[in-house]
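> next input, structure requested:
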Amino acid sequence: MDFKAYQDLAPGNLVYDGTEKTYRPSSTFKPLFFQISADSYLMPLLSLAAGAVEPAATWLKTIPEFHVSPVPARGVSPEVLRAVVRGLEDVQAVEVLYQSMSAPEPGWRWIEPHALAHDGFRWHVRAFCQRSGTFKDFVLSRILEVRAASEKNQPRSNPANDAAWHSTVTLQIRPHPALSHAQQTAIRLDYGMDAAGQAEITVRKSLLYYTLKRLGLDTDPAARRPQDQQIVLANAAEVFAHLGRAEA
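Below you'll find the predicted structure:
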């Protein structure tokens, strides 16, 4: 009865396979109740490559041979992550031994975590730093140790005041103008650009630096060959006006 009702709503979407005694999508199948996307198929492959799930845990009927280019492993300590997550859940400050790139040696400091963020390569905890009195990004793998507190340390900050976390910046990207017409068309397809050859990427202001770096937009486009640069910022002046490092 369900199949008959569906065929009435979407005629031509299903065909009956008499050999297997099952219904299959037709060659002209168009979804009726949801919008399909390539990511719904491809994202589970990334999870498989990362070892985050087992093949049986995905919805994929068959898993093709595939490979994902590896990135350097980030050594996030489970004990550190547990302490940070506990601080997030309990709204408490955490004392951490952190190796900053602005200091030659690691140092202890109290941080008040309120969010987690991934920049495409690394996990960060967004937190208020009691030492500097500002909200910053702390790379989880650079937290070397967590010191157990004898009593709960009440936070001094309000996450709602983390303006860089709560505000966004929109990047307007276009194909590099020095590419050929055919190359620009390929880039439009790569980045899902509209008919005018532009796509918009909205990112939290606190992650702007990392996003520009990952997309290769953090330097002068003239510094690289158009075939390597591929995309440019249409609103570069506006975007760079927002740029500011907030990493500890």
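> quick one: contacts for P226?
H176, P177, A178, L179 (CB atoms under 8 Å, 6 or more residues apart in numbering). For every residue, glycine as well, the C-beta is placed using N, CA and C.
> tell me how far the last one lies from R131.
Here L179 is placed at a distance of 47 Å from R131 (CB to CB, to the nearest Å).
> neighbour count: these two, which is higher?
L179 (17 against 13; other CB atoms under 10 Å).
> over to the more buried one. Which of the three states is it?
Three states are possible here, and by DSSP: H, G, I helix; E, B strand; the rest coil the one that applies to L179 is coil.
> my read: it touches I187, true?
Yes. The pair formed by L179 and I187 meets the contact definition of CB atoms under 8 Å, at 6.8 Å.
> tell me, what's touching those two both at once?
Going by CB under 8 Å, 6+ apart, residues that sit against L179 and also against I187 are Q230.
> ok, A103 to K213 distance?
Separation of A103 from K213 (CB to CB): 22 Å.
> equivalent analysis for L140, please.
As judged by CB to CB, L140 and K213 stand 18 Å apart.
> now the nearest residue to P159 once chain neighbours are set aside: which helix or strand?
Setting aside the residues directly before and after it, P159 is nearest to H114 in space (CB to CB, 6 or more residues apart in numbering), at 3.8 Å. When secondary structure is defined by DSSP states H and E, H114 falls within strand 107-118.
> in the chain, which spans are helices?
Residue ranges of the helices in the chain, as given by DSSP state H, are 2-9, 39-49, 78-90, 163-166, 181-190, 208-214, 226-229, 236-241.
> buried deepest among those helices, which one?
Burial of the helices of the chain is given as mean neighbour count (mean count of other CB atoms under 10 Å); helix 208-214 ranks first at a mean of 19.
> mind checking the pLDDT average for that one?
If you average the pLDDT over helix 208-214, you get 93.
> which residues touch that helix?
Around helix 208-214, the neighbours that count as contacts under CB under 8 Å, 6+ apart are 119-121, 169, 171, 201, 203, 218, 239, 242-247.
> tell me how far the ends of stretch 189-202 are from each other?
End-to-end distance of stretch 189-202: 19 Å, with CA to CA, to the nearest Å as the criterion.
> ok, now stretch 58-76?
Where stretch 58-76 begins and where it ends lie 25 Å apart, using CA to CA.
> centre of the chain to the lowest-mean-pLDDT helix or strand in the chain, how far?
Sorted by mean pLDDT, DSSP states H and E, the helices and strands of the chain end with helix 39-49, the least confident at a mean of 88. Distance of helix 39-49 from its chain centroid, counting by CA atoms, centre = their mean, to the nearest Å, is 14 Å.
> which strands and helices lie in contact with that helix?
Using 3 or more CB pairs under 8 Å, 6 or more residues apart in numbering; DSSP states H and E as the contact criterion, no helix or strand is in contact with helix 39-49.
> list of residues touching that helix?
Applying CB under 8 Å, 6+ apart, the set of residues contacting helix 39-49 from outside is V53, P55, T58, W59, L60, I63, F66, H67, V68.
> from the contacts of helix 208-214, pick the one nearest R147.
Within the contacts of helix 208-214, proximity to R147 (CB to CB) peaks at E247, which comes in at 21.9 Å.
> return the per-residue confidence for that closest one.
66.
> same check on G87?
As summarised for this prediction, G87 has a pLDDT of 93.
> next one: it from P159, what distance?
Between G87 and P159 the distance is 12 Å, computed by CB to CB.
> and what of P72?
Separation of P72 from P159 (CB to CB): 31 Å.
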